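> I need the structure of the sequence given here:
(chains A and B, ligands or ions: 2)
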Amino acid sequence: MNLSDIPPKGGSPFTLPMAAFLMLLLLAPFLVARFGLYHYLAIEIAIWIIFAMGFNLLFGYTGLHSFGHGAYLGIGAYAFGLFQHNVSTSLWGGLGAALLAAMVAGGFVALFLSHRRGIYFALLSIAFGQIFWFSSIKLHRVTGGEDGLLGIPRPPLQIGNVAVTLADNRIFYWFVAALAALVVIGLWRVVNSPFGRVLQAIRQNEMRARFVGYDVWRWKWLAFTISATFAGLAGALLAMAQNSAYPDVMSLHQSGLVVMMVLVGGGLVNFWGPILGVLLYFLAREVLGSLTETWLLWYGLMFVVMVMVRPEGLAGLIGTAARREAPAPPARIVETTP
Amino acid sequence: MTLFQATGLQKRFGSRVVLENITLGIEEGTVHGIMGPNGAGKTTCFHLLTGHHAPDAGSIVFAGQDIAGLPPHRIARLGVARSFQIMNLFDDTVVIENVMLALPAFKAQTGRIFGNGFADRRLIDSALEVLDMVGLAGSAWSKTKSLSYGDRRALEIAVALAAEPRIVFLDEPTSGLGVEATRALAALIRRLRTRFTICLIEHDMRFLFGLADRISVIHWGQVITEGTPAELMANKWVARSSLKEAV
Ligand SMILES: Nc1ncnc2c1ncn2[C@@H]1O[C@H](COP(=O)(O)OP(=O)(O)OP(=O)(O)O)[C@@H](O)[C@H]1O
Ligand SMILES: [Mg+2]
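Numbers count the residues shown, from 1 in each chain, chains lettered A, B, ... in the order given. Ligands and ions are numbered 1, 2, ... in the order given. I've put the predicted structure just below:
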């Protein structure tokens, strides 16, 4: 089982898992209410789904291991806030500014990263992430320093002449969920488009891709910039959700968290892996967190065990179980799962 | 017409001079063989010709254009394809995708982020056609990893051919193949020579002498002799190095 499993026949994104995902988005508000959790949790989950899925285009699909993506989440959050404070109170304006800022920052950093891979790529991505994080603390006049950028409004959603207020978390959730659905459907198309297949070819064999005629540098640059832009979108939504932006959003901690979610969920072997990882993290936080203060320790241990026993993550686990149920594959196709 | 002309190529790695002075002309429509002992610098020579390394000195002209020092993807897009001595495939995917990724018609649509190029029947058909040339059409939808060694070698060649190149460089295509597979490969190259110019490195002398129009012998980083198979058979160096018995 691996990410490139969908044979190159293309197809419609409206598969069974997609239906399940959309159903989950629809039911999430009722589910959280049913289990006595607060509404904000559903918003957080939807935002992190956007972040993690965009991140996995780079991490899982292109095989470039960035450990500094929290920076672009933060840049999106600050850009959204600064736009509201300094330009105008506008939802689309703010989102546009966040996307643009994250794209420019990602595109700039990618200039230095795109001829690297492996450990050098990872280290450089951390270094740049730290520079952004440090700047967000030090540029006090712009970012508010460690106090953060406070009082970021949630501008209303303007549809024609009707303005829908997003101040209520229950309504804001639908806005975030709609974006998450668009992002996931879009990404499904992207990874199965010729564009996405080239990214995967580069993961599988960079040298071969080069000799087949692909400008690998440019593709890696694109993958990084696009994934940073998705992070920027998630960051803007986070700023709206929290009504603020803090340096902490940019920290190494957040960058590591998204990596952990993708790995635990199985983003290396399955399109849906990052979503499973996000769900597992937030469920662990809510369930374990209500039992013990040291829940993160237990989650971390689970991560360690998972990586040791099931490196392909939760999605891999489910995939194996599903295959056991399914009829044997044609003899010609030899499974080579390690 | 000379399609590919390398002149005075030099390559050093640190203080180690691997290629001293390589001059090589390949005529359009011919099969050009390269032989020489292990470590002579044959693969390094291919690496220079296809852009993996830039030469320290010398020129490489392909179809009238100087390509020395260009990056591999630029050289590839000009119509130069290659296979590798150590196999280099897209291993996580199915056989046909390896070939599709190399098709010019596919490369033309890689900018389409939401496109559905793989649903394109014509693309699949051209990929199947290329696979059929090397006898792999039946395994088109198998996983690349599940192929036998010989089939992987064949797929290496198919990926090179899929790019519709003008010249194909093959680095020891018979290495590791059995008698039967080697014979099939010779037949394949005979069929291909009508459509492509081919340059191949080979240790198997019987194979090479039966196919090549001209052969260059590389030793100590230089082309020590060059000629038709018949001329080489008469050559002192070749005779002395006991290559003759092999033929
Ligand atoms: N990147 C490199 N750095 C240092 N030395 C190298 C490098 N590449 C090749 N060499 C050296 O150059 C010499 C020639 O290597 P090359 O692979 O070109 O030989 P070859 O003729 O293809 O041999 P074989 O028949 O075994 O494939 C070898 O001694 C090798 O160690
Ligand atoms: Mg070699």
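> alpha carbons only for contacts and neighbour counts from here, please
Will do.
> and the residue of the stretch 201-338 of chain A nearest ligand 1?
Residue of the stretch 201-338 of chain A nearest ligand 1, by CA to the nearest ligand atom: A:M207 (14.2 Å).
> so where does that residue fall, helix or strand?
Using DSSP states H and E, A:M207 sits in helix A:206-212.
> ok, and for the helix or strand where A:L22 lies, which residues are buried?
Taking DSSP H and E as the definition, one finds A:L22 inside helix A:16-34. If you call a residue buried by 16 or more other CA atoms under 10 Å in any protein chain shown, then helix A:16-34 has these buried ones: A:18, A:21-22, A:25, A:28-29.
> tell me, how many residues neighbour A:L123?
Neighbourhood size, A:L123 [other CA atoms under 10 Å in any protein chain shown]: 17.
> what is the neighbour count of the nearest residue to it once chain neighbours are set aside?
Distances taken as CA to CA, 6 or more residues apart in numbering or on different chains put A:F67 closest to A:L123, at 7.7 Å, once the chain neighbours are dropped. Applying other CA under 10 Å, we find 25 residues neighbouring A:F67.
> same check, this time on A:L91
The number of residues packed near A:L91 is 21, by other CA under 10 Å.
> pLDDT value on B:W220, please?
On pLDDT, B:W220 comes in at 88.
> and it, how far from B:P37?
According to CA to CA, to the nearest Å, B:W220 and B:P37 sit 9 Å apart.
> flag the shaky bits of chain B, pLDDT-wise.
Chain B contains residues with pLDDT under 70 at B:117, B:236-247.
> which residue ranges of it form strands?
Assignment of strands within chain B using DSSP state E yields the ranges B:2-13, B:16-27, B:31-35, B:57-62, B:65-66, B:80-82, B:167-171, B:197-201, B:214-219, B:222-227.
> how about TSV for the ones you listed, with mean neighbour count and distance to A:W298 added?
Listed next are the strands of chain B as TSV, based on neighbours: other CA atoms under 10 Å in any protein chain shown; distance: least, CA to CA, whole Å:
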stretch	mean neighbour count	distance to A:W298
strand B:2-13	18	51
strand B:16-27	18	54
strand B:31-35	24	61
strand B:57-62	19	60
strand B:65-66	13	61
strand B:80-82	28	51
strand B:167-171	24	53
strand B:197-201	23	57
strand B:214-219	23	62
strand B:222-227	18	64
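> quick check on the closest residue to B:A54 other than its chain neighbours: phi, psi?
Closest residue to B:A54 apart from its sequence neighbours, by CA to CA, 6+ apart: B:G69 at 4.4 Å. Backbone torsions for B:G69, taken as degrees, to the nearest 10, come to phi 90, psi -10.
> please name the residues that touch B:G69.
For B:G69, the contact set (CA atoms under 8 Å, 6 or more residues apart in numbering or on different chains) comprises B:48, B:51, B:53-55.
> biggest separation within these, which pair?
B:G51 and B:P55 (8.8 Å; CA to CA).
> which neighbours do those two share?
Residues touching both B:G51 and B:P55 by CA under 8 Å, 6+ apart: B:68-69.
> would you map the strands across chain A?
Counting by DSSP E, chain A has strands at residues A:157-159, A:162-164.
> between these, which gets nearest to ligand 1?
Set against ligand 1 and scored by CA to the nearest ligand atom, these come closest in strand A:157-159, at 58.4 Å.
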